[in-house]
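Colleague: Have a look; sequence and predicted model below, questions after that.
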Amino acid sequence: MPDKDYTARPLIDKLGIKPGACVAVLGINDPAFVETLTAKTTNYCVGKCQGACDVILLGVETIAELRQISECPSAMTPAGGIWVIYPKGRKDITEAHVMEAGLAAGLVDNKVCSFSATHVGMRFVIRQNGRPKA
């Protein structure tokens, strides 16, 4: 069986944003992305979380900003995810820093994707055994 080629998939689909999903966009100043987002869902907010979010997109540029990850689990639905969007190829904020911050917040990483030519995203979710029971 040949490997699937996901490179042609739109970013919004790679991020797992489904029609009607509740999405929070924090620290990302990208009007083109927000425009693409509005074509998928009208249930989104920019700059803060409102209610239980299915997807949180958190843009960070420094290690200090990674502390914000710890605030996100309380704003997520149990099966939701947080994408930490950080710069590619810099030594002052690396994949290891992002991973460490997510784990410190009690989350587990489960996916990575290119967000733009300059940024990459790493998704974190609440561990299965740590999710509230329905």
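Modeller: Yep, that arrived.
Colleague: Let me know how buried Asp54 is, in neighbour terms.
Modeller: The tally of other residues near Asp54 (other CB atoms under 10 Å) stands at 19. No exception for glycine: its C-beta is placed from N, CA and C like everyone else's.
Colleague: wait, Val46
Modeller: Using other CB under 10 Å: Val46 sits among 14 other residues.
Colleague: thought it was touching Val25?
Modeller: Yes - under the criterion of CB atoms under 8 Å, Val46 makes contact with Val25 at 4.7 Å.
Colleague: How much space separates the closest residue to Ser114 other than its chain neighbours from Asn110?
Modeller: Nearest residue to Ser114 in three dimensions, chain neighbours excluded: Val120, at 5.7 Å (CB to CB, 6 or more residues apart in numbering). From Val120 across to Asn110, the span is 15 Å (CB to CB, to the nearest Å).
Colleague: what does Leu57 give?
Modeller: Applying CB to CB to Leu57 and Asn110 gives a distance of 16 Å.
Colleague: same thing with Ala79?
Modeller: Look at Ala79 and Asn110: by CB to CB, they are 12 Å apart.
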